[in-house]
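Asks: just need the structure, nothing else, for what follows:
(chains A, B, C and D)
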Number of protein chains: 2
Amino acid sequence: MSTIFQVLAEPRRVEILRLVRDRELPAGEIARHFDVTRPAVSQHLRVLLGAGLLDERRDGQRRFYRLRPEGLQELRSFLHEFWDDSLERLKVVAEATERRKRAAKKRPRR
Amino acid sequence: MSTIFQVLAEPRRVEILRLVRDRELPAGEIARHFDVTRPAVSQHLRVLLGAGLLDERRDGQRRFYRLRPEGLQELRSFLHEFWDDSLERLKVVAEATERRKRAAKKRPRR
DNA sequence: CAGTTACGTAAGTCTCCACTAACCTATCGG
DNA sequence: CCGATAGGTTAGTGGAGACTTACGTAACTG
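Replies: Reported below is the predicted structural model:
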């Protein structure tokens, strides 16, 4: 098992997501956007599929890929944990620290 | 230069961020939370600093680290690009599929 | 049927990076 | 001053993973 960060650590995988963000594309066309071989891209697709970041639709000999936004839920949770909260906390703590730290320091505002 | 995903691809680095999310900690105490050697943690701290994800405060022989939430801005942008938009687009596309027409090139914001 | 297209899989190579061991620097206490 | 503490730096090593070449497998086409 790998984290979503490990999956997105490879720039080409992020680029793939960008390609299929608002339209589905067959594997071959995705591969055409890169300077690496098709098998390499195929392996990237597999990783993205395994992470739940892509949807695959087979039609004949073709396989179409498209972004699966729900796969980014883990990222959302992470950001919520570290951004929303911590910015808030930062303010609160900063204020508290300011008061508690030392009276010598002057605090013009608030 | 490395992407924020590459920085966060290392689980210990994410854990470090979690440790200093709402309180600053000296390097030694951070290192004590892991089963790797202290130099290894020191290197992780350096990477996180370089990515702008940590603040460093020196006091005597100690160095205190704390989360720097602004460093996560890049992640926010990414998510906004891929989640907010694409979920919206998904809905819109689903509704408009019948008519088989795309109304707008891009929907920058909701 | 054979040939081609579209794509995945397998094996092996090579590069990068997380780690350790050893060393260096700066600060505190006596 | 000395030793201890806190922490960073360097060189070298092992393993993970991204890549290529070669092969396998359906599905369409004549």
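Asks: enumerate the residues of chain A near DNA strand D.
Replies: Counting by CB under 7 Å from any atom of the strand, the residues of chain A close to DNA strand D are A:2, A:6, A:9-10, A:12, A:36-37, A:39-40, A:43-44, A:47, A:60-61. Heads up, the C-betas are built off the backbone N, CA and C, glycines and all.
Asks: which residue in those residues has the weakest pLDDT?
Replies: pLDDT across the residues of chain A next to DNA strand D is lowest for A:Ser2, at 88.
Asks: my read: that residue touches A:Leu48, true?
Replies: No. At 11.3 Å, A:Ser2 does not count as touching A:Leu48 under the criterion of CB atoms under 8 Å.
Asks: between the two, which has more neighbouring residues?
Replies: A count of neighbours by other CB atoms under 10 Å in any protein chain shown puts A:Leu48 above the other of A:Ser2 and A:Leu48, at 24 against 12.
Asks: any of the residues of chain A next to DNA strand D buried? List them.
Replies: Among the residues of chain A next to DNA strand D, those classed as buried by 16 or more other CB atoms under 10 Å in any protein chain shown are A:Gln6, A:Ala9, A:Glu10, A:His44, A:Val47.
Asks: quick one, what contacts the spatially closest residue to A:Arg66 that is not a sequence neighbour?
Replies: Distances taken as CB to CB, 6 or more residues apart in numbering or on different chains put A:Glu24 closest to A:Arg66, at 3.9 Å, once the chain neighbours are dropped. Residues counted as contacts of A:Glu24 (CB atoms under 8 Å, 6 or more residues apart in numbering or on different chains) are A:Asp55, A:Arg57, A:Phe64, A:Tyr65, A:Arg66.
Asks: mind running it again at 10 Å?
Replies: Contact analysis of A:Glu24 by CB atoms under 10 Å, 6 or more residues apart in numbering or on different chains lists A:Leu54, A:Asp55, A:Glu56, A:Arg57, A:Asp59, A:Arg63, A:Phe64, A:Tyr65, A:Arg66, A:Leu67.
Asks: same thing with A:Asp35?
Replies: Counting by CB under 10 Å, 6+ apart, A:Asp35 makes contact with A:Arg12.
Asks: number of nearby residues for A:Gly71?
Replies: By other CB under 10 Å, 20 other residues sit near A:Gly71.
Asks: helix/strand/coil for it?
Replies: Per DSSP: H, G, I helix; E, B strand; the rest coil, the secondary structure class of A:Gly71 is helix.
Asks: for A:Phe64, same thing?
Replies: A:Phe64 - assigned by three-state DSSP - is strand.
Asks: pretty sure A:Glu70 contacts A:Leu53?
Replies: Yes. Contact criterion CB atoms under 10 Å: A:Glu70 and A:Leu53 qualify, at 9.1 Å.
Asks: more neighbours: which of the two?
Replies: For A:Glu70 and A:Leu53, the more surrounded residue by other CB under 10 Å is A:Leu53, and the numbers stand at 27 against 14.
Asks: so that one sits right up against A:Glu10, yeah?
Replies: No. Using CB under 10 Å, A:Leu53 makes no contact with A:Glu10, being 11.9 Å away.
Asks: now for the two: what residues contact both?
Replies: Common contacts of A:Leu53 and A:Glu10 (CB under 10 Å, 6+ apart): A:Ile16, A:Val47.
Asks: which residues touch whichever residue of chain A sits closest to DNA strand C?
Replies: In chain A, the residue that lies nearest DNA strand C is A:Gly28 (2.3 Å; CB to the nearest atom of the strand). Counting by CB under 10 Å, 6+ apart, A:Gly28 touches A:Arg38, A:Val41, A:Ser42, A:Gln61, A:Arg62, A:Arg63.
Asks: good, we can wrap up now.
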